[in-house]
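>>> Whatever this is, show me its structure:
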Amino acid sequence: TLIVEVMKRDPNGLSARLGVLIVSIVNSNKKVAALDPASHLLRWSSSQGAKGHLQVTNKNGVRGLAPSGLLPAGASLLSVPRSFLLKPMRSEVLSAGVKAEVFDTADEKAKLALTLLVESRKFEVDQRWPKPFLDCLPLDEDFAGVGARWSDSELEWLEGADIRRRVTIAREVNQKLAESISDADFSERELVWAMDVVNSRALGGSFGSGGTTRALVVAQVLAVWLSAFVVAQALASCQAGACPTGGLPLWPLAPPIAVAAALLLAGTKYEVGLIPVVDLLNHHCGAKEARLGYDLLADCITFRADFALEAGQEACFNYGGKKGVGNDRLLVEYGFVEENNVDDTFRVFIADKDDGQPGGGCSVLLGRYGKVVRASPGFDLTGRSLDRQKLAAAVGAQLELLKNDSRGGCGADGEQLEGSRQIRGQLAKKWRDEKIRLLNEAAAVIS
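I've put the predicted structure just below:
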């Protein structure tokens, strides 16, 4: 109001111009504050060197990324500096009270989860980690559907041996890690949250080995140049009649060979880390031609798709890479089930005895459209040694279990689910529906 009054009295004066500037700054800050966390993260990443014309999508409440314009096949959708990558940091975790033997014996994802806990707490002190990235991480309640959160009674909604095994392993990993860091200042709930973040958002691949790959390439160029120079000098001496004793020296070949070996090791080293912005990309079973890799020249992590994308069309990639990933792993690690997943599988068991009791039988991993993905050793995948009649009976029995479940994803008969339990009930029903789809296809092929 004061600014408006000043402008009325002297519209062309300095005070009025300053007032206009102040109003524009305030409005600009309001717009930034009004941005959702993902859009704010895009702005932050762009200011820190990330490249890509992106926009945030929202499909049924799930955020994703899409190009803001037509993206030709093979073009880079997104490129972020290698410095964005958050990898396990031993010294940082040990400084938080975690014992060295605990960190050293943990797997890479557990190490990364501990690092995330330490770094997220440091933000409160020195703002070391960017707040836009932390704001985009899911909250504890967002992980209601992941496998480690399911109770034993809820697991009964899932009629499948493989997914129960995955859930058991996830629980054991969390419990073992929680017990091993009991002396550190982390609650079990914080640890479970960090593990869920890492399981659902961490990416793996060769990402430059902390700059080692780039440095070794430069060293290789210098080593080759030096070797060529020494050999050229020796050849010139031979032509002048002063050939070195014993012929041409072989030692100049040693540096390029040694550097090449080191480069091969560093270039193929598998790394696990969290990558801001990149981890907003969602999964789709049909996006196996999209790839994430390290650009040596630009020292960046890039995302490319071998297919064109329209403006606003969500960019996805397959979380399982070329091999794909089934709904068991998607549910346990990511907390969702993909409809009509072409990479889904289901394991059925064939008893060796006519009475149907186990004892020397085999397990058969079925894929979509009746494909036999894997069978126990000693059984022919072509179907000759695999008794089709027994396989059909096993598939039919499993279908009956899934179809005749009266709970319908709603717990015990008559029980009304609420909150996170309701979410898991809905996921259980969707998971069963997808397994019924797969087994119906198998039954049609076998018959």
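
>>> Identify the residue nearest residue 87 in space, chain neighbours excluded?
residue 273 (4.4 Å; C-beta to C-beta, 6 or more residues apart in numbering). C-betas here are computed from N, CA, C, even on glycine.

>>> From residue 109, how far off is the one you found?
Note on residue 273: its distance to residue 109, by C-beta to C-beta, to the nearest Å, is 10 Å.

>>> Between those two, which is the more surrounded one?
More neighbours surround residue 273 than the other of residue 273 and residue 109, with 22 against 19 (other C-beta atoms under 10 Å).

>>> Show me what that one bridges to in the sheet.
Counting by DSSP bridges, residue 273 forms beta bridges with residue 203.

>>> which residues of the stretch 251-400 of the chain score low on pLDDT?
Residue ranges of the stretch 251-400 of the chain with pLDDT under 70: 259, 262-268, 352-361, 377-386.

>>> Do a quick rundown of the helices in it.
In the stretch 251-400 of the chain, the segments counted as helices under DSSP state H, counting those that start in this stretch are 254-267, 327-329, 388-403.

>>> tell me, what's touching residue 273 and residue 109 both at once?
Listed as contacting both residue 273 and residue 109 by C-beta atoms under 8 Å, 6 or more residues apart in numbering are residue 202.

>>> which stretch of helix or strand covers residue 79?
Secondary structure from DSSP states H and E places residue 79 in strand 76-81.

>>> Kindly apply the preceding question to residue 164 instead.
helix 161-180.

>>> Now do that helix: distance to the chain's middle.
Mean C-alpha position of helix 161-180 versus that of the full chain (C-alpha atoms, centre = their mean, to the nearest Å) differs by 19 Å.

>>> could you give the mean pLDDT of the next helix or strand after it?
Toward the C-terminus, helix 161-180 is succeeded by helix 188-201 as the next helix or strand (DSSP H and E). For helix 188-201, the mean per-residue pLDDT is 93.

>>> Which elements pack onto helix 188-201?
Contacts defined by 3 or more C-beta pairs under 8 Å, 6 or more residues apart in numbering; DSSP states H and E place helix 188-201 against helix 108-126, helix 161-180.

>>> Just the CA trace of it, in PDB.
This file holds the C-alpha atoms of helix 188-201, laid out as PDB (Å, rounded to 0.1, in the frame of the first residue of the first chain):
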ATOM      1  CA  GLU A 188      15.200 -48.000  13.200                       C
ATOM      2  CA  ARG A 189      12.400 -46.000  11.400                       C
ATOM      3  CA  GLU A 190      15.000 -43.700   9.900                       C
ATOM      4  CA  LEU A 191      17.100 -46.600   8.700                       C
ATOM      5  CA  VAL A 192      14.100 -48.300   7.100                       C
ATOM      6  CA  TRP A 193      13.200 -45.100   5.400                       C
ATOM      7  CA  ALA A 194      16.800 -44.700   4.000                       C
ATOM      8  CA  MET A 195      16.900 -48.300   2.800                       C
ATOM      9  CA  ASP A 196      13.500 -47.800   1.000                       C
ATOM     10  CA  VAL A 197      14.800 -44.600  -0.600                       C
ATOM     11  CA  VAL A 198      17.900 -46.400  -1.900                       C
ATOM     12  CA  ASN A 199      16.100 -49.500  -3.000                       C
ATOM     13  CA  SER A 200      13.500 -47.500  -5.000                       C
ATOM     14  CA  ARG A 201      15.700 -44.600  -6.300                       C
END
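
>>> rewinding a little: could you identify the helix or strand that succeeds the strand holding residue 79?
Moving toward the C-terminus from strand 76-81, the next helix or strand (DSSP H and E) is helix 90-94.

>>> For residue 349, see how far away residue 200 is.
Residue 200 sits 30 Å away from residue 349, going by C-beta to C-beta.

>>> which residues does the closest residue in space to residue 106 that isn't next to it in sequence contact?
The shortest distance from residue 106 to any non-neighbouring residue, by C-beta to C-beta, 6+ apart, is to residue 177 (6.7 Å). If you count contacts by C-beta under 8 Å, 6+ apart, residue 177 has them with 106, 110, 113, 191, 195.

>>> Could you do residue 323 as well?
Contacts of residue 323 by C-beta under 8 Å, 6+ apart are residue 343.

>>> do that again at 10 Å, thanks
Residue 323 makes contacts with 288, 343, as judged by C-beta atoms under 10 Å, 6 or more residues apart in numbering.

>>> what's the answer for residue 292, then?
78, 203-205, 207, 275, 278, 281, 301-304, 317, 321.

>>> Around residue 143, count how many other residues there are.
Look at residue 143: counted by other C-beta under 10 Å, it has 21 neighbours.

>>> got the angle between the helix holding residue 164 and helix 108-126?
With axes from the mean of the first three to the mean of the last three C-alpha atoms, to 10 degrees applied, the angle from helix 161-180 to helix 108-126 works out at 50 degrees.

>>> Okay, angle between helix 161-180 and helix 188-201 too, please.
Note on geometry: by the same axes, to 10 degrees, helix 161-180 and helix 188-201 are set 130 degrees apart in direction.

>>> Show me which positions of helix 161-180 end up buried.
Buried residues in helix 161-180, counted by 16 or more other C-beta atoms under 10 Å: 162, 163, 164, 166, 167, 170, 171, 173, 174, 177, 178, 180.

>>> Pick out whichever of those residues sits closest to residue 424.
Nearest to residue 424 among the buried residues of helix 161-180: residue 167, at 11.2 Å, using C-beta to C-beta.

>>> In contact with the closest one, which residues?
By C-beta under 10 Å, 6+ apart, the contact list for residue 167 reads 146, 147, 148, 149, 150, 152, 154, 155, 158, 328, 331, 332.

>>> Roughly how far does the closest residue to it other than its chain neighbours sit from residue 334?
Excluding its sequence neighbours, the residue lying closest to residue 167 (C-beta to C-beta, 6+ apart) is residue 147, at 4.1 Å. Applying C-beta to C-beta, the value for residue 147 to residue 334 is 9 Å.
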